[in-house]
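A.B. asks: Sequence and predicted structure are below.
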Protein chains: 4
Amino acid sequence: MTVKFAILGAGRIGKVHAAAVASVPGATLVAIADPMPAAAEAIKAAYGCDIRTIDAIAASADVDAVVICTPTDTHADLIEQFTKLGKAVFCEKPVDLSLSRVKDCIATVAANKGTLMVGFNRRFDPDFMAVKAAIDAGRIGAVEMVTITSRDPGAPPPEYITRSGGMFRDMTIHDFDMARWLLGEEVESVFASASVLVDPRIGELGDFDSANVILRTASGKQAIITNTRRASYGYDQRIEVLGSLGMVSAENHGENRITLADKDGFHAAPLLNFFMSRYTAAYANEIAAFVASVAEGATTPTTGHDGMMALALAEAALASVASGRAVKVSEVL
Amino acid sequence: MTVKFAILGAGRIGKVHAAAVASVPGATLVAIADPMPAAAEAIKAAYGCDIRTIDAIAASADVDAVVICTPTDTHADLIEQFTKLGKAVFCEKPVDLSLSRVKDCIATVAANKGTLMVGFNRRFDPDFMAVKAAIDAGRIGAVEMVTITSRDPGAPPPEYITRSGGMFRDMTIHDFDMARWLLGEEVESVFASASVLVDPRIGELGDFDSANVILRTASGKQAIITNTRRASYGYDQRIEVLGSLGMVSAENHGENRITLADKDGFHAAPLLNFFMSRYTAAYANEIAAFVASVAEGATTPTTGHDGMMALALAEAALASVASGRAVKVSEVL
Amino acid sequence: MTVKFAILGAGRIGKVHAAAVASVPGATLVAIADPMPAAAEAIKAAYGCDIRTIDAIAASADVDAVVICTPTDTHADLIEQFTKLGKAVFCEKPVDLSLSRVKDCIATVAANKGTLMVGFNRRFDPDFMAVKAAIDAGRIGAVEMVTITSRDPGAPPPEYITRSGGMFRDMTIHDFDMARWLLGEEVESVFASASVLVDPRIGELGDFDSANVILRTASGKQAIITNTRRASYGYDQRIEVLGSLGMVSAENHGENRITLADKDGFHAAPLLNFFMSRYTAAYANEIAAFVASVAEGATTPTTGHDGMMALALAEAALASVASGRAVKVSEVL
Amino acid sequence: MTVKFAILGAGRIGKVHAAAVASVPGATLVAIADPMPAAAEAIKAAYGCDIRTIDAIAASADVDAVVICTPTDTHADLIEQFTKLGKAVFCEKPVDLSLSRVKDCIATVAANKGTLMVGFNRRFDPDFMAVKAAIDAGRIGAVEMVTITSRDPGAPPPEYITRSGGMFRDMTIHDFDMARWLLGEEVESVFASASVLVDPRIGELGDFDSANVILRTASGKQAIITNTRRASYGYDQRIEVLGSLGMVSAENHGENRITLADKDGFHAAPLLNFFMSRYTAAYANEIAAFVASVAEGATTPTTGHDGMMALALAEAALASVASGRAVKVSEVL
């Protein structure tokens, strides 16, 4: 079976997914929708697909699945619209910035026996997959401590901060999902300590740019997430998992793998500076996984539930910052 | 000036300091005291010093300085006894397990214009000194985030747990001192999340074996400490400091620096497994620094105040675990 | 200008180049030729090109450039046929196993003012390009010593040995080209020491499986190449260049970038095991460079002369093994 | 049994050995000899030994063993003098710059059933010992290729060049010994390619500053040595051994183990810049091994034969440079 795709939104991330759909065996790109004609034309030119409106795509019998790359505030509505029509949906995170809206949306998907995969691309990074495989193979025994270092190369402009829902919902949400995935046990409580150290304008908008978060499960396993919006040396993305028998960790990716030695010592390149270059393989792999699930009628590797849980951790982190105490996830869900 | 030393206690750490005193130019070992004759004889045989009782050492005109390596519950009394006599004192951490007793002791030292250095050996590790030097040289700009990973190779026997004062006062206390030293600004609040994941007997004794701690200063700088009592791959001692312009970090020390490659991949040795082999140079350097301070009449690089503050952070961490909230250091001091 | 391509030969390397042509902006794949219908059909199905015979391609007005991926003994004839027709030619190494035939072929290309690029893919590896860029930027001063470690994961079957022309012409030839490129000065003499240590059948066929080669320029710069046909830990491809002011080196590429630590130490994955996965980016980059040269009417980054010189170094190495002395390149050219 | 030592020569290396003798259990330093009173006094002050003339030491009943740290041209005579007297001898390399004199000296030692250990300190470096242990434990299968990179941080002054016997006899001799030790099979032939790239004055004196050497055994195993007199990034000392089942290698030692990351990338310290700081542990270990051999009446781990063979490889290398061909060791021995 070949899965016939439409992509909603031809912006930066839409282009990434279009390329992925075009290159994955078992998938074809049928249509692209975007209010900006030039963006849609570029995708059409590259992959030979149609340009259609979102409504036309909804009415298209030759579309099995859609990838939602539109602005965040349209995600939940589109998910509901397309799952009701029986089309499989891949949606970029987040489903919505409101947890209650996410819950409603997931309920609608469930009521319609829909297929919804939320785009937590990092689960599909080859190195992180190797970390997870080592854990699942028992190489480190029982998981005890997960350490996630996640630092952006630079802070986004203030206007982005506002519409993103803030650092926890926008940036840390990926780390929350990684922590849940690696802990292998649901998080029970969240403590977060957030600071404004990079850009005071971010603080003026009520957001943070630097934070540490401790997640804890019922059995006492813990995850620590350390975030900042500025790492001069590039996009710093490390995970480390300690277990009863050992530790497994994933290294950063530099711009190249050469070393220069001179009288001042040994020098290596900065890290890849952009999430798209760092996670190129992850984006391709996640679409391939979605295609495989749709083709097999199987559950997708990430679901609306994962999107909801990661958002719940973000809500708990915000409540923790406000109260100065560890907040139970059950308080916000 | 040659500083004439006596060492109180000829146990494991007493031997380390005896070797250091013997090798540091400007210091000579005059006497050793220990209730176990064999232990004292071994030091005498190795370095040609006298064996005297503690009281005899207190009365010795040929002793300028003492190194206190006796059991913890004798530290504060001995510090007071010897500083009143005008002898410079180097004391292994902690000054006492009771914060109020530590405060009294420090007050006594101050009242007598005594010299007291508390043994936070890690500040004298060559790599950690290089990290601090890089920070002080402005290489990473303003410090924002300190990350300390500190894992013992294996848990101590339960009987040790009881008399040690528990993980925060015994093990994390070194990390608390490192965090204070590296943050460059006093810690304002502490959140700690502690678990029993390694040995249930430790939990039965009311202690923990796995913990994450977040320290926070008034300006929002943060430090995260991650501790466990069991790291199968050896004694894991890493620090990493993020600043506005960059990051500086110190690597672990393996048993050797060879790599074996075979069909299964690349293999390197486990880490040095014992704090004494890992910190050999640090122990020698800290005694050299004490000697230099005494010889010059200068303030020692670590003081009773440092011992008190690290213990206060441990108390705050315990209060945080009990309450589930961030605890201000001012609440416990 | 879009360069219109035909690929001659749809085998393993033909597929690699077809994918490269299809993905490079400014190039289109017009036709594929192969005596095996299934191989040609696979390329057609993937990229939508025609299937034509080599002679039909020669006669095609809609073909600007060809990529020669046919067996080695056809290369020189095809180069001559297509350059005479005014088509740009990219040919996999070697031009021919006979140095005199290579010289004739290059003369024919020159007489017809043809464009010939020989496929030394490693020059287009991103890491090796970064090494060369560092040298060209003066970062290591004057080049003095080039060290190339080049080890195959496993020996080819004996039947391949025979038709390959032997290790120096087949495997080391890439290293000879790298050495010439990095030395920045033509090689004057060659000493080679070759052994049979991996597979005695290779020795029975008159070839070697393990060798060290020293290249030397007129000014005394040197390059050392170390080759073996068996590295249990994967495809080992390292270069290191020492200059008057420093050194620059390129690391190997492992299957992933995770590290597992356990009681036995630290473990990383074996190296990528196959030249195509190791040099994926290099193959794409070299076709892109060819397209750019053809589009601009510029000299290609590698030429028939480079192919000839690398083969001459192989001939000199063989003469050195036979004579036990350093052989001047002028003796074989 | 305690081995009672005298050290002949209180220069730089004499001081290193005095410290080693003083610290090794089972050894005591009885006497030091040096024509420079200040040098001998310094040793006496540090370790409490006598100052005696060499002849007085020869006549001393309380001396079991001597360490010869005098100028090279006195080594062979002193070895003969002291072994005839029944004293165990540790001699810094080389025994002599003349191979025939070395042979005579060794014959004299043998005729007197003397004990002679030649100071090839690198065999006692902890990392290189771990490499050898891995080989001996069968971890890499049969040894096939040894690669030794040995680069001095800077060239010695021209006046040293003259009296040192030249690069092969002075610097490469350590690498020749390492190669013999690691190959596990005697070297049959030597090819060397030597250049003057660092300092033309070295060339004017008839010596070289940059060289590659290929050693080959009867069974075809090979070792490659790459030497230069100038590595801007420090004292570069690497070994790598490839076998049928894998590879084992030893890394360099930097001045510290911290990494600084900033906008330009990741930076580590230069290498330790001096052979004495790089090989501190090796010098201590080699004296301990000598003491153990003398105490047990066992053969020393290195012998006069090792000194002779390393010098023979140097002679063969010189003959190879002169002739441009591989030279058999049997031609020079």
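C.D. replies: Happy to help now that I have it.

A.B. asks: which residues touch A:V248?
C.D. replies: A:131, A:134-135, A:139-140, A:240-241, C:258-261 (CB atoms under 8 Å, 6 or more residues apart in numbering or on different chains). Glycine gets a C-beta too; all of them are placed from N, C-alpha and C.

A.B. asks: Which ones among the residues you listed lie within strands?
C.D. replies: A:240-241, C:258-261 (DSSP state E).

A.B. asks: Which of those sits closest to A:C69?
C.D. replies: Of all these, A:C69 sits closest to C:I258, with 30.1 Å by CB to CB.

A.B. asks: Wait, the closest one touches A:M129, no?
C.D. replies: No - using CB atoms under 8 Å, C:I258 is not in contact with A:M129, being 9.5 Å away.

A.B. asks: how about the contacts of A:V248 in a markdown table, adding neighbour count, distance to D:K84 and pLDDT?
C.D. replies: Below are the contacts of A:V248 laid out as a markdown table (neighbours: other CB atoms under 10 Å in any protein chain shown; distance: CB to CB, whole Å; pLDDT from 0 to 100):
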| residue | neighbour count | distance to D:K84 | pLDDT |
| --- | --- | --- | --- |
| A:V131 | 27 | 67 | 98 |
| A:A134 | 22 | 64 | 98 |
| A:I135 | 21 | 68 | 98 |
| A:R139 | 18 | 62 | 98 |
| A:I140 | 23 | 63 | 98 |
| A:E240 | 21 | 64 | 98 |
| A:V241 | 24 | 66 | 98 |
| C:I258 | 24 | 62 | 98 |
| C:T259 | 22 | 57 | 98 |
| C:L260 | 22 | 59 | 98 |
| C:A261 | 26 | 56 | 98 |
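
A.B. asks: filter those residues down to the ones close to chain B.
C.D. replies: Among these, the ones lying near chain B by CB under 8 Å from any CB of the partner chain are C:A261.

A.B. asks: Show me what from the stretch 151-300 of chain A comes close to chain C.
C.D. replies: So the stretch 151-300 of chain A meets chain C at A:245-251, A:253, A:256-263, A:269 (CB under 8 Å from any CB).

A.B. asks: Just the buried ones from those, in PyMOL syntax?
C.D. replies: Remark: buried members of those, expressed as a PyMOL selection using 16 or more other CB atoms under 10 Å in any protein chain shown:
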select buried, chain A and resi 245+246+247+248+249+250+253+256+257+258+259+260+261+262+269
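
A.B. asks: mind listing what's buried in stretch A:176-195?
C.D. replies: Quick answer for stretch A:176-195 (16+ other CB under 10 Å): A:176-183, A:187-195.

A.B. asks: ok, now stretch A:260-279?
C.D. replies: Residues of stretch A:260-279 classed as buried: A:260-262, A:265-272, A:275, A:278-279 (neighbour count, 16+ other CB under 10 Å).

A.B. asks: would you turn those into a markdown table with secondary structure and distance to A:I32?
C.D. replies: Shown next, in a markdown table, are these (DSSP: H, G, I helix; E, B strand; the rest coil; distance: CB to CB, whole Å):
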| residue | secondary structure | distance to A:I32 |
| --- | --- | --- |
| A:L260 | strand | 44 |
| A:A261 | strand | 49 |
| A:D262 | strand | 50 |
| A:G265 | strand | 50 |
| A:F266 | strand | 47 |
| A:H267 | strand | 44 |
| A:A268 | strand | 40 |
| A:A269 | coil | 36 |
| A:P270 | coil | 34 |
| A:L271 | strand | 32 |
| A:L272 | coil | 28 |
| A:F275 | helix | 22 |
| A:R278 | helix | 25 |
| A:Y279 | coil | 22 |
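
A.B. asks: want to throw these into a markdown table with distance to D:D306?
C.D. replies: Listed next are the buried residues of stretch A:260-279 as a markdown table, based on distance: CB to CB, whole Å:
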| residue | distance to D:D306 |
| --- | --- |
| A:L260 | 38 |
| A:A261 | 32 |
| A:D262 | 36 |
| A:G265 | 35 |
| A:F266 | 34 |
| A:H267 | 39 |
| A:A268 | 39 |
| A:A269 | 44 |
| A:P270 | 48 |
| A:L271 | 48 |
| A:L272 | 50 |
| A:F275 | 58 |
| A:R278 | 53 |
| A:Y279 | 56 |
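
A.B. asks: Quick check: which helices or strands does the host helix or strand of A:V109 pack against?
C.D. replies: For A:V109, the host element (DSSP states H and E) is helix A:99-111. Contacts defined by 3 or more CB pairs under 8 Å, 6 or more residues apart in numbering or on different chains; DSSP states H and E place helix A:99-111 against helix A:75-84, helix A:304-323.

A.B. asks: Which residue would be the closest one in the stretch 101-250 of chain A to chain D?
C.D. replies: Ranking the residues of the stretch 101-250 of chain A by distance to chain D (CB to the nearest CB) places A:Y233 first, at 3.7 Å.

A.B. asks: Could you list the contact residues of the stretch 201-333 of chain A toward chain D?
C.D. replies: Applying CB under 8 Å from any CB, we find that the stretch 201-333 of chain A lies next to chain D at A:231-233, A:254-255, A:261-270.

A.B. asks: Now do the contacts for the spatially closest residue to the residue of the stretch 101-250 of chain A closest to chain D that is not a sequence neighbour.
C.D. replies: Distance criterion CB to CB, 6 or more residues apart in numbering or on different chains; nearest residue to A:Y233, sequence neighbours excluded, is D:A261 at 3.7 Å. Contact analysis of D:A261 by CB under 8 Å, 6+ apart lists A:231-233, A:270, B:246-249, D:267.

A.B. asks: At the geometric centre of chain A, which residue sits there?
C.D. replies: For chain A, A:F120 is the residue whose C-alpha lies nearest the centre (CA atoms, centre = their mean; 3.1 Å).

A.B. asks: how many neighbours does A:L197 have?
C.D. replies: 26 (other CB atoms under 10 Å in any protein chain shown).

A.B. asks: Confirm for me that it is in contact with A:S210.
C.D. replies: Yes - contact status for A:L197 versus A:S210: in contact at 4.5 Å, counting by CB under 8 Å.

A.B. asks: Which residues are in contact with each of those two?
C.D. replies: Joint contacts of A:L197 and A:S210 (CB under 8 Å, 6+ apart) are A:228, B:144, B:220.

A.B. asks: Beta-bridge partners for the nearest residue to A:T147 once chain neighbours are set aside, please?
C.D. replies: In space, and not counting its chain neighbours, A:T147 is closest to A:E240: 4.4 Å by CB to CB, 6+ apart. Taking DSSP bridges as the rule, A:E240 bridges to A:T147, A:S249.

A.B. asks: So A:E240 sits against A:S150, correct?
C.D. replies: No - contact criterion CB under 8 Å: A:E240 and A:S150 do not qualify, at 12.0 Å.

A.B. asks: For the single nearest residue of the stretch 51-200 of chain A relative to chain B, give its distance to A:A155.
C.D. replies: When scored by CB to the nearest CB, the stretch 51-200 of chain A has A:S195 as its residue closest to chain B, at 3.2 Å. Separation of A:S195 from A:A155 (CB to CB, to the nearest Å) stands at 13 Å.
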